[in-house]
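*Asks:* With the input below, show me the fold.
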Amino acid sequence: MIPYFAQPQLSLGLVTIHAFGVMVALAMLSGMWAVRRRAAATGLDPLMADRLVTWVLLGGFAGAHLIDRLVYFPGQTWAEPVRLLKFWEGLSSFGGFLGAIVASMLFFRRVDTGAARWGYLDAVAYGFPLGWIFGRTGCFLAFDHPGAATSFFLGMRDQDGVVRHNLGLEEALYTIPLALLFLALGRKPRRRGFFVGLLALLYAPVRFLFDFLRVVDVRYGGLTPGQWGSVAVMAAGLFFLLRKEKGEAEASP
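*Replies:* So this is what the prediction gives:
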């Protein structure tokens, strides 16, 4: 059992740096490094990959906040619409995925990369698990995803004295072997779109199951928004893995 501890933070005068913020910064830096590395290894322009990641991050943060406010807390939001502008108040991971997808679509409407777009999207998917390890570690340190009561040895004691699943920690631990798997699979040429589909199929089912352990979450039709998002992501993953594109080239080793 992990004892309860307050989120580590450092006060610097008027500014307070929280552990969650530090881990999110590390997530972005490590993810961008992995994306750039993958792009260069597959013959793509690393600078173009950087531009795409910038769009993905901006769209992801916007979508994460808007979905959190509109889907998880609709009553509060409609009563006080100004909350939509308070981007520091709440983030939804699947809202972030949706925002990233929309941002990617807008990016490729502005920038013509031809068939190479799948290679750039694959590079983003390839780098995602590495960044997600740090991001979910931030959730663990903040203990902002408490789960059901448990006797699991990695359970964490909450402020009320109940030992609960720390879903941020458990998801971070799952993502470690996922990142290692992507690293190993990336050593050989892969059809463009391969990592996009594989990421969806390996992440979404696990997230779907984890959400059954959530105790503080809105539900629609008996499922959390994350579970509905997982179903959509799994369907998209199958599409990406099974799609056939005439004349499509494999990524370089």
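
*Asks:* ranges for the helices of the protein?
*Replies:* Using DSSP state H, the helices of the chain run over 19-41, 46-67, 74-79, 93-110, 117-142, 167-185, 194-210, 225-242.

*Asks:* And these: which comes nearest residue 150?
*Replies:* Residue 150 sits nearest to helix 167-185 of all the helices of the chain, at 10.2 Å, using CB to CB. Where you see a C-beta, it was placed from the backbone N, CA and C, and this is true even at glycine.

*Asks:* buried sites along the closest one?
*Replies:* 167-172, 174-175, 178-179, 182 (16 or more other CB atoms under 10 Å).

*Asks:* Can you say which of the helices of the chain is packed in most?
*Replies:* The highest mean neighbour count among the helices of the chain, using mean count of other CB atoms under 10 Å, belongs to helix 117-142: a mean of 24.

*Asks:* by how many degrees do it and helix 194-210 diverge?
*Replies:* On the basis of axes from the mean of the first three to the mean of the last three CA atoms, to 10 degrees, helix 117-142 is oriented at 30 degrees to helix 194-210.

*Asks:* ok so, going back, and the buried residues of helix 167-185 as TSV, adding pLDDT and distance to residue 149?
*Replies:* Output for those, formatted as TSV (pLDDT from 0 to 100; distance: CB to CB, whole Å):
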residue	pLDDT	distance to residue 149
167	95	13
168	94	17
169	96	16
170	96	15
171	95	18
172	96	21
174	96	21
175	96	24
178	96	27
179	96	30
182	96	34
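
*Asks:* what's the closest of the helices of the chain to residue 154?
*Replies:* Here helix 167-185 is closest among these (CB to CB), at 6.3 Å.

*Asks:* got the angle for that closest one vs helix 117-142?
*Replies:* Computed by the same axes, to 10 degrees, the angle separating helix 167-185 from helix 117-142 equals 150 degrees.

*Asks:* so who does residue 96 touch?
*Replies:* The contact partners of residue 96, by CB atoms under 8 Å, 6 or more residues apart in numbering, come to 60-61, 63-64, 67.

*Asks:* Any chance of the residues you listed in CSV with distance to residue 155 as columns?
*Replies:* Formatted as CSV, the contacts of residue 96 follow (distance: CB to CB, whole Å):
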residue, distance to residue 155
60, 30
61, 30
63, 31
64, 27
67, 28
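
*Asks:* and of the residues you listed, the nearest to residue 112?
*Replies:* Residue 112 has its nearest neighbour among the contacts of residue 96 in residue 60, at 22.9 Å by CB to CB.

*Asks:* quick one: contacts for that closest one?
*Replies:* Residues near residue 60 by CB under 8 Å, 6+ apart: 96-97, 99-100, 103.

*Asks:* how near is it to residue 124?
*Replies:* Residue 60 is 10 Å from residue 124, where distance means CB to CB, to the nearest Å.

*Asks:* Please apply the same query to residue 67.
*Replies:* Residue 67 sits 19 Å away from residue 124, going by CB to CB.

*Asks:* same check, this time on residue 47
*Replies:* Going from residue 47 to residue 124 by CB to CB gives 15 Å.

*Asks:* Start and end of stretch 204-219, how far apart?
*Replies:* By CA to CA, to the nearest Å, the extent of stretch 204-219 from end to end equals 17 Å.

*Asks:* Please state the offset of that stretch from the chain centre?
*Replies:* Relative to its parent chain, stretch 204-219 has a centroid offset of 15 Å by CA atoms, centre = their mean, to the nearest Å.

*Asks:* Show residues contacting that stretch.
*Replies:* Here stretch 204-219 has contacts from 71-73, 93, 145-148, 164-165, 167, 170-171, 174, 223-227, 229-231, 233-234, 237, using CB under 8 Å, 6+ apart.
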